[in-house]
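Undergrad: from the sequence below, what's the structure:
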Amino acid sequence: MKKAEVVFIPLPVTSHIVSTLEFVKLLINRDNRLRITVLVMKLPHASETDYIKSLPITDSINVINLPEYSLPPNTPPSSAIVAHLEAQKPNVKQAVSNLAIERGENGVLAAFVVDMFCTSMIDIAKEFSVPTLVFFTSGVASLGLNLHLHTLRERDNVDVTRLQQLTELDIPSFENSVPLYSFPAIVVNKEWESMFMNYVRGLKNADGIIVNSFEELESYAVHSFLSHPDLAALQTIYPVGPILNPEPKTKGTVDSDDIIKWLDDQPPSSVVFICFGTRGSFDEDQVNEIAHAIENSGVRFVWSLRKPQPKGVMAMPSDYSISDLVKLLPEGFLDRTKEIGRIIGWAPQTQILSHPATGGFVSHCGWNSILESIYFGVPIATWPLFAEQQTNAFQLVYELKMAVEIALDYKVEFMGEPNYLLTADKIERGIRNVLDMDGEFRKKVKEMSQKSRKTMLEGGSSYTHLGRLINYIINHI
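TA: Presented below is the predicted three-dimensional model:
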């Protein structure tokens with residue numbers, strides 16, 4: 001039997017590639033009529049090859065590393081990804097043409113699945129006359145916000161300047177009006193305007209959007225794509241999540257084993273986990289405010305504290321040495337808190353969230369982190385940093401009522417400074433609130449945790465949407 005070949009083009013950054021590769025495994029396990037080829041583009045400063053190597057090598061999964069390409073040194077960040085994708089188009093075209101020769105009579109090219117930031121590759125899919133689906137690594141409500149704001153610009157001439165004069169706006173995928181401070185920076189900054197317009201135009205050009213979310217979590221937003229005229233006319237969506245890796249391999253550091261052993265000795269739901277994703281870090285003033293908040297709250301904690309890169313450098317945060325930590329933190333902090341807490345560098349996040357001792361999560365509200373916290377039933381205290389995290393934080397607190405607020409309007413400019421210093425008293429209040437055992441939000445998270453586990457099983461909404469998606473792909477051969 002001929003296999004339906006699906007070509008995946010992920011964005012090679014951790015938060016996107018992990019969920020994309022988990023989705024690849026999900027498709028292969030679900031239907032043996034599919035064969036998947038993942039085209040890997042290495043971006044400068046990206047080190048995601050470990051995740052790609054973890055893919056099982058089978059007849060159904062094929063990984064092709066595209067030739068590396070270096071951009072001119074002065075390329076501005078706002079156009080770097082666009083330039084990189086343009087440079088890779090000939091390589092993608094060549095790789096897909098080669099596949100046809102290798103595949104021979106055994107298969108047929110059925111579809112492209114491109115990352116939400118790789119929609120310019122739709123041009124290549126059109127040359128091969130196959131549909132292109134977008135893999136959207138954030139939520140349905142966030143997708144609706146992007147599509148609606150693009151429509152307002154094109155149809156009603158609501159540009160950035162007009163947007164900046166508003167305090168809030170009605171968005172079809174949100175029940176409540178969304179305050180302007182919860183909009184992603186790319187939407188409200190003039191310098192990013194053309195990038196935003198191109199990005200969303202790409203989403204609108206796709207033949208459908210696969211979303212890493214599930215109907216039970218975002219029922220209002222999912223329904224808006226069926227009922228609201230502005231959204232219903234735009235896109236078919238396939239909410240097939242939560243796509244996550246619930247049993248990750250740790251990096252095998254001494255820290256990872258050590259921290260799990262320490263958690264084993266703590267009472268159930270007593271520890272707050274403080275972690276800001278792969279890119280989250282703070283300057284000394286903010287670190288000191290967090291330290292004072294932790295100490296004043298007196299709660300047990302695991303704090304993933306990362307060292308920022310020098311200003312203006314495009315690279316991931318690194319880990320502090322012990323001597324650096326002693327200099328950085330308030331005098332005596334490590335000694336005074338050694339019985340109740342641990343400071344680590346890189347964190348084995350899913351292992352910590354799944355541990356029974358973990359009772360709350362101070363988080364940057366990246367979408368993968370939100371899905372993991374819900375899956376493991378751990379409520380979040382919101383502290384967004386960049387991208388769409390402010391939108392996610394607003395959604396968690398006001399739409400879903402499944403989180404407590406530390407901040408909703410905290411923003412870090414791209415490669416720049418945060419908009420304000422978050423004080424210890426606010427952080428302390430958030431830490432105490434998120435560990436409140438009687439909070440209504442905790443009950444909601446526990447209920448949603450159960451739903452998140454059932455939705456992927458036969459009869460669940462994500463299982464059904466995945467079936468719809470596979471039928472769409474197979475029927476287009």
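Undergrad: can you tell me how far the nearest residue to D264 once chain neighbours are set aside sits from S461?
TA: Leaving out its chain neighbours, the residue that sits closest to D264 by CB to CB, 6 or more residues apart in numbering is A357, at 7.4 Å. Where you see a C-beta, it was placed from the backbone N, CA and C, and this is true even at glycine. Per CB to CB, to the nearest Å, A357 is found 32 Å from S461.
Undergrad: check R429 too.
TA: In terms of CB to CB, R429 sits 36 Å off from S461.
Undergrad: looking at the two, which is more packed in?
TA: S461 (19 against 16; other CB atoms under 10 Å).
Undergrad: hang on, isn't that one packed against S213?
TA: No: using CB atoms under 8 Å, S461 makes no contact with S213, being 10.4 Å away.
Undergrad: remind me, longest helix of this structure?
TA: Longest helix in the chain by number of residues (criterion: DSSP state H): helix 77-103.
Undergrad: buried stuff in that helix?
TA: I81, V82, H84, L85, Q88, N91, V92, A95, V96, L99, R103 (16 or more other CB atoms under 10 Å).
Undergrad: check those and tell me the two furthest apart.
TA: Across the buried residues of helix 77-103, the longest distance by CB to CB is 30.7 Å; it joins V82 and R103.
Undergrad: most residues in a single strand of this structure, which one?
TA: Ordering each strand of the chain by length in residues (DSSP state E) puts strand 107-115 first.
Undergrad: return the distance of it from the chain's centre.
TA: For strand 107-115, the separation from the chain centroid amounts to 23 Å (computed by CA atoms, centre = their mean, to the nearest Å).
Undergrad: try stretch 80-91
TA: 22 Å.
Undergrad: for the chain, which spans come out with low pLDDT?
TA: 43-51, 77-78, 246-255, 312, 314 (pLDDT under 70).
Undergrad: domain ranges for it?
TA: Here the domain parsing of the chain from automatic domain parsing is 3-245+457-475, 254-452.
Undergrad: list the buried residues for the longest strand of the chain?
TA: Of all the residues in strand 107-115, those buried under the rule 16+ other CB under 10 Å are G107, L109, A110, A111, F112, V113, V114, D115.
Undergrad: how much space between the last one and R336?
TA: So that's D115. Using CB to CB, we find D115 at a distance of 45 Å from R336.
Undergrad: ok, the second one next?
TA: Separation of L109 from R336 (CB to CB): 62 Å.
Undergrad: and for M448?
TA: 37 Å.
Undergrad: looking at the two, which has the bigger crowd around it?
TA: Higher neighbour count among M448 and R336: M448, with 19 against 12, using other CB under 10 Å.
Undergrad: what count of nearby residues applies to the residue nearest to D264?
TA: 19.
Undergrad: next up, identify which helix or strand V404 is on.
TA: strand 403-405 (DSSP states H and E).
Undergrad: so which elements touch that strand?
TA: strand 380-382, helix 424-434 (3 or more CB pairs under 8 Å, 6 or more residues apart in numbering; DSSP states H and E).
Undergrad: which other residues reach the shortest one?
TA: Yep, that's strand 380-382 we're talking about. Residues from elsewhere that reach strand 380-382 (CB atoms under 8 Å, 6 or more residues apart in numbering): 272, 360-363, 365, 369-370, 373, 393, 396-397, 402-408, 430-431, 433-434.
Undergrad: same thing but 7 Å
TA: The contact list for strand 380-382 (CB atoms under 7 Å, 6 or more residues apart in numbering) reads 360-363, 365, 370, 373, 393, 396-397, 403-408, 430-431, 433-434.
Undergrad: ok, now which ones touch the residue lying closest to G366 once chain neighbours are set aside?
TA: Nearest non-adjacent residue to G366, counting by CB to CB, 6+ apart: G277, 4.8 Å away. G277 sits next to H364, G366, S369 when contact means CB under 7 Å, 6+ apart.
Undergrad: specify the local secondary structure of G277.
TA: coil (DSSP: H, G, I helix; E, B strand; the rest coil).
Undergrad: closest one to P267 among the helices and strands packed on strand 403-405?
TA: Nearest of the helices and strands packed on strand 403-405 (CB to CB): helix 424-434, 16.0 Å.
Undergrad: give me the buried stretch members for the helix or strand following that closest one, please.
TA: Using DSSP H and E, the helix or strand that follows helix 424-434 in sequence is helix 440-454. The neighbour-count check on helix 440-454 (16+ other CB under 10 Å) flags F441, R442, K444, V445, M448, K451, S452 as buried.
Undergrad: report the buried residues of whichever strand or helix holds S15.
TA: Secondary structure from DSSP H and E places S15 in helix 14-30. Within helix 14-30, the residues that count as buried by 16+ other CB under 10 Å are 14-28, 30.
Undergrad: send me it as PDB with only the CA atoms.
TA: Extracted C-alpha coordinates of helix 14-30, given in PDB (Å, rounded to 0.1, in the frame of the first residue of the first chain):
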ATOM      1  CA  THR A  14      13.200  24.100  22.000                       C
ATOM      2  CA  SER A  15       9.700  25.200  22.800                       C
ATOM      3  CA  HIS A  16       8.600  24.500  19.200                       C
ATOM      4  CA  ILE A  17      10.600  21.500  18.300                       C
ATOM      5  CA  VAL A  18       9.700  19.400  21.300                       C
ATOM      6  CA  SER A  19       6.000  19.600  20.700                       C
ATOM      7  CA  THR A  20       6.400  19.200  16.900                       C
ATOM      8  CA  LEU A  21       8.400  15.900  17.400                       C
ATOM      9  CA  GLU A  22       5.900  14.600  20.000                       C
ATOM     10  CA  PHE A  23       3.200  15.300  17.400                       C
ATOM     11  CA  VAL A  24       5.100  13.400  14.800                       C
ATOM     12  CA  LYS A  25       5.200  10.400  17.100                       C
ATOM     13  CA  LEU A  26       1.500  10.800  17.800                       C
ATOM     14  CA  LEU A  27       0.600  10.700  14.100                       C
ATOM     15  CA  ILE A  28       2.800   7.700  13.300                       C
ATOM     16  CA  ASN A  29       1.300   5.700  16.300                       C
ATOM     17  CA  ARG A  30      -2.200   6.600  15.200                       C
END
